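Peer 1: Requesting a structural model of the entry that follows:
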Amino acid sequence: MIQALNLTKRYGSHLALNNLNLQINPGEICCLLGQNGAGKSTTINLFLGFIEPTSGNTLINGVNVQDHPQESKNYLAYIPETVMLYPNLTGIENLEYFSSLAGFKYSKTELIAFLLKTGLQEEAHNKRLGGYSKGMRQKVGIAIAISKHAKALFLDEPTSGLDPKASNEFTKIIRQLSDSGTAILMATHDIFRAKQVAHSIGILRSGDFVSQIKAADISANELEELYLQTV
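Peer 2: Numbering: from 1, shown residues only. Now for the predicted structure:
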């Protein structure tokens, strides 16, 4: 569902990503670990078509992102560190607007069901987003992904700035999406959250994909030690 083939990105003499090969199947969660500048966000931006690769390809559901940028967006959703929604609109209005941009028309009952599925309490649905916490805004972002029937979900530091309760709620939602068949690529600094949620974990260092581990095969402490040794 999510595939990188010999993916490379250079900015002049700077090698931001070096010959990345990656495959994430439907229902799998892959977490990318690495320091700032390691290539995590570059990888996600290449899949989203925000930047062009120097060489190599990105594919989503078999569609080459570089050759068919608009078609590839039909299959994906993206939740950045700070979810960019309209603060003067309510949660349900944001959901209705962004799902309509993707070509979907839902009843109010269906929109409410999407928001409830993310755990956003019903009393918040008709409140303006400007008064939401970061965790609540992320839930609206996830509801948008659900409403688009996204087959691939890209997350960039989604738990940054969340308190432990909100982080735990977010993890549960991501697992539910995985169980429904969504392929998920998440860039994060959170080693223990990665161990908790991922099926596989990749470690990037200065653009190189230096390790890929099955999460079930390593403890959180062993992962932390490997990460520190690697970076």
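Peer 1: who's in contact with the most centrally placed residue in the chain?
Peer 2: Nearest to the mean C-alpha position of the chain, by CA atoms, centre = their mean, lies residue 155 at 1.9 Å. The contact partners of residue 155, taken as CB atoms under 8 Å, 6 or more residues apart in numbering, are 78-79, 174, 184-188. Heads up, the C-betas are built off the backbone N, CA and C, glycines and all.
Peer 1: got it, and residue 172?
Peer 2: Here residue 172 is in contact with residue 119 (criterion: CB under 8 Å, 6+ apart).
Peer 1: care to break the chain down by domain?
Peer 2: Per automatic domain parsing, the structural domains of the chain span 1-75+153-231, 85-150.
Peer 1: Now mean pLDDT too, for these, in CSV please.
Peer 2: Formatted as CSV, the domains of the chain follow (pLDDT from 0 to 100):
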stretch, mean pLDDT
domain 1-75+153-231, 92
domain 85-150, 93
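Peer 1: hmm, back to that, which one of the contacts of residue 155 is nearest residue 92?
Peer 2: Within the contacts of residue 155, proximity to residue 92 (CB to CB) peaks at residue 79, which comes in at 18.1 Å.
Peer 1: thinking the closest one is in contact with residue 141, fair?
Peer 2: Yes. Assessed by CB atoms under 8 Å, residue 79 is found in contact with residue 141 at 4.5 Å.
Peer 1: Now do the residue nearest to residue 206 when sequence neighbours are not counted against residue 62, distance only.
Peer 2: What sits nearest to residue 206 in space, not counting adjacent residues and going by CB to CB, 6 or more residues apart in numbering, is residue 38, at 6.4 Å. Taking CB to CB, to the nearest Å as the measure, residue 38 falls 28 Å from residue 62.
Peer 1: between these two, which one's more packed in?
Peer 2: Counted by other CB atoms under 10 Å, residue 38 and residue 62 do not tie: residue 38 has more neighbours, with 25 against 9.
Peer 1: Confirm that the more buried one sits in a strand.
Peer 2: No. With DSSP: H, G, I helix; E, B strand; the rest coil as the criterion, residue 38 is coil rather than part of a strand.
Peer 1: isn't it right up against residue 202?
Peer 2: No. Look at residue 38 against residue 202 with CB under 8 Å: they stay out of range, at 10.3 Å.
Peer 1: Which residues are in contact with residue 73?
Peer 2: residue 49.
Peer 1: swap in residue 226?
Peer 2: Residue 226 neighbours (CB under 8 Å, 6+ apart): 203, 211, 213, 218.
Peer 1: quick check, distance from the helix ranked longest in the chain to the centre of its chain.
Peer 2: Identified as the longest helix of the chain according to DSSP state H is helix 164-179. The gap between where helix 164-179 is centred and where its chain is centred comes out at 12 Å by CA atoms, centre = their mean, to the nearest Å.
Peer 1: Chain neighbours aside, what residue packs nearest to residue 86?
Peer 2: residue 94 (5.7 Å).
Peer 1: Look up how far residue 126 lies from that neighbour.
Peer 2: 11 Å.
Peer 1: Between the two, which is the more surrounded one?
Peer 2: Neighbours per residue (other CB under 10 Å) separate residue 94 from residue 126, with residue 94 holding more: 25 against 11.
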